[in-house]
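Chemist: what's the 3D shape of this:
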Amino acid sequence: MKICLLVKDFAVGKKFNKDGTPSKSGAEFHAENHARQLIKRGDQVSIFAKKKFFFTKAREDLNGIDLVRLHAPIRWLEIIFRLLTTHNDIDVFYIIGTPKFAVWAILMAKFILHKPIILALTGKAEIFDRKKSWRNKIFSMCDHYIATTKEICNGFIEQGEIDRNKVTILAHGIDTKKYPQSTEDRRRELKINHGIDPNANILLFCARVVINKGIDTVMKFWGTIHKKFSDAKLFVVGGGRTEILDELKNLSTQLDNSIVVTGEMDQPQEFYQMSDVYIFPSRHEGLPTSLIEAMSSGLPAVVSDIGGCEDLIFNDETGYRVDVEDADQFAEKVLYLFNNDQLRQLLGDNAAKFVRKNCDYQTVIPKLQEILHSKITN
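Modeler: Purely as a prediction, here's the structure:
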């Protein structure tokens, strides 16, 4: 099966911009990962994205992925030309997000090529209102829709006016083999290797260090944790805004160097394996990949009660959800977990089992492939 996967951007070069924001979005990571997983299962995948930089090639083979970058301001014309010439044998269209140029692919697929279109949304901000623009009306013409969260599913139905029978809730997925569940012996070993008391608790924040991810909330309550557990450590793993990273380092000096700021890490697995509790105080999310990775590693989590997190964290089962920006509630739940070794272990075990059952590529990709294939035969 030949799949045309459309996504707004496909970044190259530096991982972070000057302001600390990432150069590559979650949707881009999902597009590449899904393409590779589908290719492993025998499909052929072409990715269409915007050409944003002069130095990037218009078309290249990205380790088996046929990557096509469309030129501004004629993306609409180029995509029509491609679908009539170089890519005239596409079987199904798979769109991640709502890139403007994708509407021309939808129109081509719908009225000229007579091929199915599946549209997947990975973030709340992408939910479209069918009545607000002609583009949104076209996005509502797809054959099937994939929502990574219940919140996005409801958005499809309520704002996009999509028939519920056309919507499937499906996680974007991870390779859980890369994030094995830790053990108490492994935690102690890693703590010793990092010069930390093996009996000390570690709270982990592993995400972009920006306000939207709630790092300011963590800074508000860490002092409370430090008073109760003077030997505890807060690990902040991730790149982000320089001024916030500096603020964290200053706070650490005020609190007995109890905060460890690592910066960006390509392989954060060791920090997941070493930690005792995961903190995720984000203000808004799709389905957070870093939270899934932490759960796969056997970490109970304290998270914001928002869309995406509600699909993963269930109170007293895999962790706790608390009100957004409520530093006192976050502190209360973290302290509760620090004080209960058996509960931490139970919730961590549940989290790892849940992710392996619902979010592993071995589960997700066959379901995605089934949706793509079934629409061709219908």
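
Chemist: quick one: contacts for L203?
Modeler: Applying Cβ atoms under 8 Å, 6 or more residues apart in numbering, we find L203 in contact with 222, 225, 232-235, 275-279, 334. From N, CA and C alone the C-beta is placed, and that goes for glycine too.

Chemist: out of those, which sit inside strands?
Modeler: Among those, the ones falling in strands (DSSP state E) are 233-235, 277-279.

Chemist: out of the residues you listed, which one sits closest to N339?
Modeler: V277 (11.0 Å; Cβ to Cβ).

Chemist: any idea how far that closest one lies from S297?
Modeler: According to Cβ to Cβ, to the nearest Å, V277 stands 12 Å off from S297.

Chemist: where do the helices sit along the stretch 101-250 of the chain?
Modeler: With DSSP state H, counting those that start in this stretch as the criterion, the stretch 101-250 of the chain has helices at 102-108, 134-139, 150-158, 184-193, 215-228, 242-254.

Chemist: turn those into TSV, including mean neighbour count and mean pLDDT.
Modeler: Below are these laid out as TSV (neighbours: other Cβ atoms under 10 Å; pLDDT from 0 to 100):
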stretch	mean neighbour count	mean pLDDT
helix 102-108	22	97
helix 134-139	16	97
helix 150-158	19	97
helix 184-193	15	97
helix 215-228	19	98
helix 242-254	15	96
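
Chemist: for I306, find the nearest of those.
Modeler: Across the helices of the stretch 101-250 of the chain, I306 has its closest neighbour in helix 150-158 (8.2 Å, Cβ to Cβ).

Chemist: E60 and D66: what is the separation?
Modeler: Distance from E60 to D66, by Cβ to Cβ: 8 Å.

Chemist: which one's more surrounded, those two?
Modeler: A count of neighbours by other Cβ atoms under 10 Å puts D66 above the other of E60 and D66, at 20 against 11.

Chemist: contact partners for that one?
Modeler: Contact analysis of D66 by Cβ under 8 Å, 6+ apart lists 44-47, 59.

Chemist: only the buried subset of the residues you listed, as a PyMOL command please.
Modeler: Provided next is the PyMOL selection string for whichever of the contacts of D66 are buried by 16 or more other Cβ atoms under 10 Å:
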select buried, resi 44+45+46+47
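
Chemist: shaky segments in the stretch 151-300 of the chain?
Modeler: Within the stretch 151-300 of the chain, no stretch has pLDDT under 70.
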